[in-house]
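Provided below for reference: sequence and predicted model.
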Amino acid sequence: MNEKRTEIADLGEFGLIDRINQHISLQNLTSLKGIGDDAAVIDIGAENLLVSTDMLVEGTHFDLSYTPIQHLGYKAVAVNISDIAAMNGKPEQIVVSLALSNRFSVEAIDALYEGIQSACKNYNVDLVGGDTTASPSGLVISITAIGRVKKNKTVLRSGAKANDILCVTGDLGAAYLGLQVLEREKEVFQANPNMQPELEKYDYVVGRQLKPEARMDIIYELEEKNVVPTSMIDISDGLASELFHLAKNSKTGIKIFEDKIPVDSMTYDTAIEFKVDPITAALNGGEDYELLFTISPTDFEKLKNYPDIHFIGHTHDQPHQHLMITKQGTAVPLKAQGWKHF
Ligand code: ADP
Ligand code: MG
């Protein structure tokens with residue numbers, strides 16, 4: 001017998017999720033949105049319940065040789081809160097599951113939970129349960145976040161219309177360059193343990209990698225300005241990849257302007273030092289946990305003076321045409337590389 005074996009790498013993460021999704025049909029009327037958005041949307045009457053889960057695996061997502069374990073706890077919560085924010089929702093509870101080996105002391109787990117609790121306090125969420133189990137080696141943290149949003153304020157990836165304005169919060173590419181700095185310092189340290197890591201010069205980018213924040217501040221700002229985005233996603237895999245998700249789900253095309261992509265000056269300098277194009281880092285870097293959303297042009301006035309929201313382009317009615325206008329004024333096709341873990 002010659003059974004066919006397909007490598008996961010051939011499908012990739014998104015291909016695999018699509019394949020799983022093909023065989024899933026929703027049976028309950030309360031399951032309003034299943035696989036395919038930042039969080040599932042569940043009908044609970046007057047409001048919608050939001051549920052999202054994310055897992056961090058030692059060796060794949062983090063390296064404890066340069067990650068303070070408190071920060072890891074904080075980050076594990078923040079990345080889940082970010083997915084609730086991406087639905088325009090407010091988080092209320094988390095559950096935390098751990099698999100850990102005997103390499104970890106009780107004190108290390110105390111420190112992990114200090115970070116988790118600090119994030120809970122910051123985002124105003126309650127830790128209400130979880131699970132603890134042994135792992136043959138390494139640490140796995142899986143967190144599920146639960147939140148709520150009003151029915152008419154629920155924002156999916158699929159709501160953008162042609163000629164909506166594409167908005168990005170904060171700045172991009174920093175977390176990727178922070179990781180490059182940390183990896184380099186690790187190598188230097190391994191080669192010569194007497195060398196002290198030289199991180200001060202890179203504090204902003206390293207901080208963005210080790211201790212990202214979910215942009216709940218933007219969700220409150222949008223509420224205050226009475227703006228409901230037409231679509232939204234959080235930027236976990238790089239701007240380009242997330243633009244493709246929005247475009248595919250909303251069946252629109254994308255046009256962005258290179259000179260509008262927000263890049264911090266330390267990110268820029270670090271990119272040059274690492275011989276990386278800063279725009280490539282912003283488009284494909286990942287782990288920024290900023291928000292990408294679209295607004296109707298009629299809402300532009302309400303947001304135009306808000307310093308942390310950048311207007312990078314617009315959608316249009318050619319669903320498969322995704323372009324970036326370069327600083328020189330030429331149109332180039334957008335490419336999504338994203339993170340490849342497989
Ligand atoms: P995000 O980057 O926002 O966390 P992902 O890319 O991880 O989103 O997931 C995209 C969608 O696929 C989400 O709706 C998520 O719930 C779903 N998903 C991911 N992995 C699985 C899985 N193994 N089984 C079912 N659904 C999954
Ligand atoms: Mg997401």
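Yep, it's here. Keep in mind it's a predicted model, so treat the numbers as computed, not measured. Numbers count the residues shown, from 1 in each chain. Ligands and ions are numbered 1, 2, ... in the order given.

What are the boundaries of the helices in this protein?
8-22, 69-85, 106-123, 174-191, 203-210, 216-224, 239-250, 265-273, 278-284, 300-303 (DSSP state H).

Could you look over these and pick the most buried one?
Mean neighbour counts were compared across these using mean count of other Cβ atoms under 10 Å; the top stretch is helix 69-85, at a mean of 25. Bear in mind the C-beta positions are built from the backbone N, C-alpha and C, glycine included.

anything in that helix sitting right up against ligand 2?
Yes: applying Cβ under 5 Å from the ion, one finds helix 69-85 in contact with ligand 2 at Asp83.

State which one residue of the stretch 101-250 of the chain is found closest to ligand 1.
Ser236 (4.5 Å; Cβ to the nearest ligand atom).

neighbours of that residue, just the number please.
As a burial measure, Ser236 scores 22 neighbours (other Cβ atoms under 10 Å).

Quickly list what the residue nearest to Thr154 when sequence neighbours are not counted is bridged to.
Spatial nearest neighbour of Thr154, excluding adjacent residues (Cβ to Cβ, 6 or more residues apart in numbering): Asn48 at 5.2 Å. When assigned by DSSP bridges, Asn48 has beta-bridge partners Asp43, Val149.

cool, and the one 4 residues further on?
Bridge pairing for Ser52 (DSSP bridges) gives the partners Ala145.

List, one by one, the residues from the stretch 151-300 of the chain near ligand 2.
Going by Cβ under 5 Å from the ion, the residues of the stretch 151-300 of the chain near ligand 2 are Asp234.

what mean pLDDT would you report for stretch 57-72?
Here stretch 57-72 scores 95 as its mean pLDDT.

Straight-line length of it, end to end?
End-to-end distance of stretch 57-72 (Cα to Cα, to the nearest Å): 11 Å.

which stretches of the stretch 1-150 of the chain aren't confidently modelled?
1-2 (pLDDT under 70).

Near ligand 1, which residues of it? Just list them.
When proximity is defined by Cβ under 6 Å from any ligand atom, the stretch 1-150 of the chain lies next to ligand 1 at Ile17, Ile20, Ile35, Gly36, Asp37, Asp38, Asp54, Asp83.

8 Å - rerun?
Residues of the stretch 1-150 of the chain that fall close to ligand 1, judged by Cβ under 8 Å from any ligand atom: 13-14, 16-17, 20-21, 24, 34-40, 52-54, 79, 83, 86.

so how far is Ala247 from the residue lying closest to Met216 once chain neighbours are set aside?
Closest residue in space to Met216, ignoring its immediate chain neighbours: Ala85 at 5.4 Å, by Cβ to Cβ, 6+ apart. From Ala85 across to Ala247, the span is 21 Å (Cβ to Cβ, to the nearest Å).

In a markdown table: the helices of the chain, plus distance to Ser158.
A markdown table is the format used below for the helices of the chain (distance: least, Cβ to Cβ, whole Å):
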| stretch | distance to Ser158 |
| --- | --- |
| helix 8-22 | 14 |
| helix 69-85 | 16 |
| helix 106-123 | 26 |
| helix 174-191 | 27 |
| helix 203-210 | 29 |
| helix 216-224 | 18 |
| helix 239-250 | 4 |
| helix 265-273 | 31 |
| helix 278-284 | 22 |
| helix 300-303 | 21 |
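
mind checking which of those is nearest Leu291?
Closest to Leu291 of the helices of the chain, according to Cβ to Cβ: helix 216-224, at 5.7 Å.

Any idea how far that closest one is from the middle of the chain?
17 Å (Cα atoms, centre = their mean, to the nearest Å).

CA atoms only: put that helix into CSV for me.
Extracted C-alpha coordinates of helix 216-224, given in CSV (Å, rounded to 0.1, in the frame of the first residue of the first chain):
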residue,chain,number,x,y,z
MET,A,216,-7.5,48.3,23.9
ASP,A,217,-6.9,52.1,24.1
ILE,A,218,-7.9,52.4,20.5
ILE,A,219,-11.1,50.4,21.0
TYR,A,220,-12.1,52.9,23.8
GLU,A,221,-11.0,55.8,21.5
LEU,A,222,-13.2,54.5,18.7
GLU,A,223,-16.1,54.2,21.0
GLU,A,224,-15.6,57.7,22.3
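
What lies in contact with that helix?
Around helix 216-224, the neighbours that count as contacts under Cβ atoms under 8 Å, 6 or more residues apart in numbering are 81, 85, 88-91, 123, 153, 169, 228-229, 291, 306, 308-309.
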